[in-house]
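Chemist: sequence and predicted structure are below.
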Amino acid sequence: MSGQRVDVKVVMLGKEYVGKTSLVERYVHDRFLVGPYQNDTAGSERYEAMSRIYYRGAKAAIVCYDLTDSSSFERAKFWVKELRNLEEGCQIYLCGTKSDLLEEDRRRRRVDFHDVQDYADNIKAQLFETSSKTGQSVDELFQKVAEDYVSVAAFQVMTEDKGVDLGQKANPYFYSCCHH
Ligand SMILES: Nc1nc2c(ncn2[C@@H]2O[C@H](COP(=O)(O)OP(=O)(O)OP(=O)(O)O)[C@@H](O)[C@H]2O)c(=O)[nH]1
């Protein structure tokens, strides 16, 4: 796979503060910053108009929820419905974030792994539990997104200097974040 460039739109979705930006930071720059970040996510008031434009044409969506916040998983289900209705061809990856907090204290878990796995099976999504703080499963998540895309799509080999070199993760995906 190394040396091939693939242009794929991946969107990050999930309730605010679940750790979308941190996930991308960890993958692209291999660092963890104590937030919150100032970033370019849509404010709530502009959300309806922005969100559809945002994920139009996305081939993959990483739908994040915070493993220590059950309401964030309810919100993740909302995003899944949105995607199913509006972007049928979009492959969904469920991502439970902040797994390091559970290592510190298991009682902080508010979203059961098996419940989410059943849900993921139903919607034909894949499930990862990650930590942007320790890096746990972050590379695996993005690598799987890339591999799945390459294997299911008639991929477009890029000759220009844009897109993703799967062998060099320092060249980031086209990504952005959307919360609500
Ligand atoms: N312990 C721990 N904290 C995390 C992790 N990921 C993110 N955080 C913290 O959670 C907070 C929110 O992280 P962000 O990456 O800004 O979350 P976001 O989803 O992009 O937030 P919005 O921009 O509001 O949508 C920050 O204080 C991060 O430092 C993680 O894996 N572990």
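Modeler: It's in.

Chemist: surely residue 64 touches residue 16?
Modeler: No: checked against C-beta atoms under 8 Å, the pair residue 64 and residue 16 is beyond contact range at 10.5 Å. From N, CA and C alone the C-beta is placed, and that goes for glycine too.

Chemist: the two: which is more packed in?
Modeler: residue 64 (29 against 14; other C-beta atoms under 10 Å).

Chemist: host element of the closest residue in space to residue 124 that isn't next to it in sequence?
Modeler: Distances taken as C-beta to C-beta, 6 or more residues apart in numbering put residue 92 closest to residue 124, at 7.7 Å, once the chain neighbours are dropped. Counting by DSSP states H and E, the element that carries residue 92 is strand 91-97.

Chemist: that strand near the ligand at all?
Modeler: Yes: on the criterion C-beta under 6 Å from any ligand atom, strand 91-97 is in touch with the ligand at residue 97.

Chemist: contacts for that strand?
Modeler: Outside strand 91-97, the residues within contact range by C-beta atoms under 8 Å, 6 or more residues apart in numbering are 14, 18-19, 22-23, 59-67, 76, 80, 83, 111, 113, 116, 119-120, 123-132, 141, 144-145, 148-149, 152.

Chemist: so in terms of bridging, what pairs with the spatially most central residue of the chain?
Modeler: The centre of the chain sits closest to residue 62, judged by C-alpha atoms, centre = their mean, with a distance of 2.5 Å. As for beta bridges, residue 62 partners with residue 12, residue 93 under DSSP bridges.

Chemist: how about stretch 111-125: buried residues?
Modeler: Across stretch 111-125, burial judged by 16 or more other C-beta atoms under 10 Å covers 111, 116, 119, 120, 125.
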